[in-house]
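Peer 1: take this sequence and fold it.
(chains A and B)
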Amino acid sequence: MTPSTTRSTTKSSTAARKHTLFPRGSRRRAICVGITALVVFIVIWQLITAVFGLVNPILLPSATEVGSRFIHMLTEPYQGHTLGGHALTSLKIVVLGWIIGGIIGMPLGILMGWNRWIRAAVNPIFQVLRPIPPIAWIPLAILWFGLGDSARIYVVWLAAVVPWILNSFEAVRSVDSILISAARMLGASQRTILTDIVAPSAVPVLVAGARISLGNAWTTLIAAELLAASAGLGFVALNARRTLDSDIMLVAMFTIGILGVIFTGLLYLLERAVSRGRVEEVSL
Amino acid sequence: MRVTEQQRPVGQIRNGPPFGRHMPAVVGMTALVFVVVVWWILTAGTNIMSPQVMASPTDSAWTLGRLMVDPFAGSTLPEHALASLNRWARGYLAAVILGVPLGAIFAWYRDVRSALSPIFETLRYIPPFAWVPIAILWFGPGTTAQAIVVFIAAFPPCVINTHRALTTLDPTVLRAARTVGASRLATLIRVALPASTPGITAGLRIAVSNGWMALMGAELIVGQKGLGFLINAGGENGQPDVIIAGMVSIGILGLILDTLVLTLTRPMLQWRKGIESGD
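Peer 2: Got it, this is the predicted structure:
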């Protein structure tokens, strides 16, 4: 047994429960229950589809069918690309929209936090535009940029830029000015102030913004691809519906979900690393 | 900001901005007017953006008024809006009715949470729009499929915020309730849930905008009615004035729904006022 599991089980279990293998509320118990439930879920899915045939396979294909289709699609092209190729097409647009969102949103947010006149000028425009969901820009984006990648990048950018602005703004405001004054009075250099006071409170908020922004970008891209695209995971899902290949549709959905988990997971780990336990989140 | 005003010596007040404390509002209004003027110049003023690509502010406003009575793509604007609101209300109510109890169960019964949260977390990362094709396949391209998409978007914030609100409660309060003889379930219903209304209502508000946004996406992709369908039809006919009128309606209705939920949930928070001012 590794030291960490020993610690977590003993910490959360009371003396009376020490003898049981899976004490109530322990991490090990949670993982075991979770895995069991997941297995049961898949078994039930398999039972009602393949074994008893309770559901029309066009509406819900069996778990094994979806699994084998997934492996098949990794190597065999569907509509011109393999699954990896479609995922890359989607990723390229998301990352572009996300980075451009950061390049424009971060300086704007920092300026808004820094200078109250810029804040006074930008804020009303921001507040007027914000209730309109980024997705509602899709028809206009298609009129402006045509059906190509640039329309999708623009819509993804719109979705990504809002959390960038909000969290950069919040990052500036999270810095305690009294601490800066105190440090300056005690003779700290500009660099020390930046690394020891500004960065510890601002960076976690910024990284949280990056994470929320990437999540928004991913969600919006799928909508944009469902509407107008010739490659990408959203396109795969919609195209498979037209041809009633529901196993391909589920493969696309799961791939979208897994990639979403990977992004958010990676940025969440980064967020925890930079914040050392202090996670501040700006709710949208 | 108040602090700096108090600290400023009286003699220096004259050096402040010309409109005093109203200056930020004046700057904001000026910026908004500036944006609208630039928009007008780019479209109607100089035709840099042709009417096929972007409508002028005045044209858009006229179209917004005209759509109130003249049907576009089969229905007038209020009819499209009602169709959207109907779908939104069904999905949203289902999400609240199922999501808040599930969040409470997650917080109260840890094994249930351990069992369901891996499935919940996996499905949560599939964006609501990715469910559109399968929702259409299962329920046909009608109101139900779109209400399902709203439900999928609005459900997670209901669950997560209820769960978080209940698990961050002061344990002393809960122990006090147990000490005076309340059962676990009674503690949940009579103590924990009322005490966590601020967190729960915050989740309900996030669910409003999530659901509304997802519905617009769903209506863009499929349907014969609704505001999302309206802007899509405007785009397909090359009528940016219709798109902008639709976008404005979407934004305004989103704000109205948010205000509505805020107003409806406010009575549930009233009791806290005494506590907070008593601190």
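
Peer 1: what sits against residue 122?
Peer 2: No chain was given, so I picked chain A. When contacts are counted by C-beta atoms under 8 Å, 6 or more residues apart in numbering or on different chains, residue A:122 touches A:108, A:112, B:31. Bear in mind the C-beta positions are built from the backbone N, C-alpha and C, glycine included.

Peer 1: wrong one, chain B
Peer 2: A:257, A:261.

Peer 1: in the helix or strand hosting residue A:40, what's buried?
Peer 2: Per DSSP states H and E, residue A:40 falls inside helix A:27-46. Under the neighbour-count criterion of 16 or more other C-beta atoms under 10 Å in any protein chain shown, helix A:27-46 has A:27, A:29, A:30, A:33, A:34, A:37, A:41, A:45 buried.

Peer 1: would you confirm that the fifth one contacts residue B:117?
Peer 2: Yes - judged on C-beta atoms under 8 Å, residue A:34 makes contact with residue B:117 at a distance of 6.8 Å.

Peer 1: stretch B:44-52: how far from the chain's middle?
Peer 2: The chain centroid and the centroid of stretch B:44-52 are separated by 33 Å, computed with C-alpha atoms, centre = their mean, to the nearest Å.

Peer 1: domain ranges for chain B?
Peer 2: Listed domain ranges for chain B are B:14-49, B:56-277 (source: automatic domain parsing).

Peer 1: from the ones you listed, which stretch is densest packed?
Peer 2: With neighbours defined as mean count of other C-beta atoms under 10 Å in any protein chain shown, the domains of chain B peak in mean count at domain B:56-277, which reaches a mean of 19.

Peer 1: was I right about residue A:57 contacting residue A:49?
Peer 2: Yes - contact criterion C-beta under 8 Å: residue A:57 and residue A:49 qualify, at 6.7 Å.

Peer 1: now do the shared contacts for those two.
Peer 2: Residues touching both residue A:57 and residue A:49 (C-beta under 8 Å, 6+ apart) are residue A:65.

Peer 1: between those two, point out the one with more neighbours.
Peer 2: A count of neighbours by other C-beta atoms under 10 Å in any protein chain shown puts residue A:49 above the other of residue A:57 and residue A:49, at 21 against 13.

Peer 1: show me the contacts for that one.
Peer 2: For residue A:49, the contacting residues are A:55, A:57, A:60, A:61, A:62, A:63, A:65, by C-beta under 8 Å, 6+ apart.

Peer 1: near chain B, from those?
Peer 2: The subset of these lying close to chain B, counting by C-beta under 8 Å from any C-beta of the partner chain, is empty.

Peer 1: show me which residues of the stretch 1-150 of chain B are close to chain A?
Peer 2: Counting by C-beta under 8 Å from any C-beta, the residues of the stretch 1-150 of chain B lying close to chain A are B:1, B:23-25, B:27-32, B:35, B:52-54, B:110-111, B:113-119, B:121-123, B:125-134, B:136-138.

Peer 1: among the contacts of residue A:122, which ones are in helices?
Peer 2: If you go by DSSP state H, those have A:108, A:112, B:31 in helices.

Peer 1: of those, which is the nearest to residue A:252?
Peer 2: Nearest to residue A:252 out of those is residue A:108 (C-beta to C-beta; 34.8 Å).

Peer 1: now pLDDT too, for the buried residues of helix A:27-46, in JSON lines please.
Peer 2: Output for these, formatted as JSON lines (pLDDT from 0 to 100):
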{"residue": "A:27", "pLDDT": "79"}
{"residue": "A:29", "pLDDT": "83"}
{"residue": "A:30", "pLDDT": "82"}
{"residue": "A:33", "pLDDT": "86"}
{"residue": "A:34", "pLDDT": "85"}
{"residue": "A:37", "pLDDT": "87"}
{"residue": "A:41", "pLDDT": "89"}
{"residue": "A:45", "pLDDT": "89"}
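
Peer 1: overlap between the residues you listed and the residues near chain B?
Peer 2: A:29, A:30, A:33, A:34, A:37, A:41.

Peer 1: quick check: mean pLDDT across the helix of greatest length in chain B?
Peer 2: Of all segments of type helix in chain B, defined using DSSP H, the longest is helix B:77-108. For helix B:77-108, mean pLDDT is 94.

Peer 1: toward the C-terminus from that helix, list the very next helix or strand.
Peer 2: helix B:110-124.

Peer 1: just the CA trace of that following helix, in CSV.
Peer 2: The C-alpha coordinates for helix B:110-124 follow below in CSV (Å, rounded to 0.1, in the frame of the first residue of the first chain):
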residue,chain,number,x,y,z
ARG,B,110,-21.7,9.8,-0.6
ASP,B,111,-22.0,6.4,-2.1
VAL,B,112,-24.7,7.5,-4.5
ARG,B,113,-22.4,10.3,-5.5
SER,B,114,-19.4,8.0,-6.0
ALA,B,115,-21.6,5.7,-8.1
LEU,B,116,-23.2,8.4,-10.3
SER,B,117,-20.5,11.1,-10.6
PRO,B,118,-18.2,9.3,-13.0
ILE,B,119,-21.1,8.9,-15.5
PHE,B,120,-22.4,12.4,-14.8
GLU,B,121,-18.9,13.9,-15.2
THR,B,122,-18.3,12.0,-18.5
LEU,B,123,-21.6,13.1,-20.0
ARG,B,124,-21.2,16.6,-18.7
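
Peer 1: host element of the closest residue to chain A within the stretch 151-279 of chain B?
Peer 2: Closest approach of the stretch 151-279 of chain B to chain A (C-beta to the nearest C-beta) occurs at residue B:235, with a separation of 3.0 Å. Following DSSP H and E, one finds residue B:235 within helix B:227-236.

Peer 1: any chance you could list what contacts that helix?
Peer 2: Helix B:227-236 is touched from outside by A:135-136, A:138-140, A:142-143, A:227, B:72-73, B:77, B:80-81, B:84, B:215-220, B:223, B:240-243, B:245-247, B:249-250, B:253, with contacts defined as C-beta under 8 Å, 6+ apart.

Peer 1: how far off centre is it?
Peer 2: Counting by C-alpha atoms, centre = their mean, helix B:227-236 comes out at 21 Å from the chain centroid.

Peer 1: so for it, mean pLDDT?
Peer 2: 92.

Peer 1: quick one, what contacts the residue in chain A that chain B sits nearest to?
Peer 2: Per C-beta to the nearest C-beta, residue A:139 is where chain A lies closest to chain B, at 3.0 Å. Contacts for residue A:139 were tallied using C-beta under 8 Å, 6+ apart; they are B:220, B:231, B:232, B:234, B:235, B:236, B:243.
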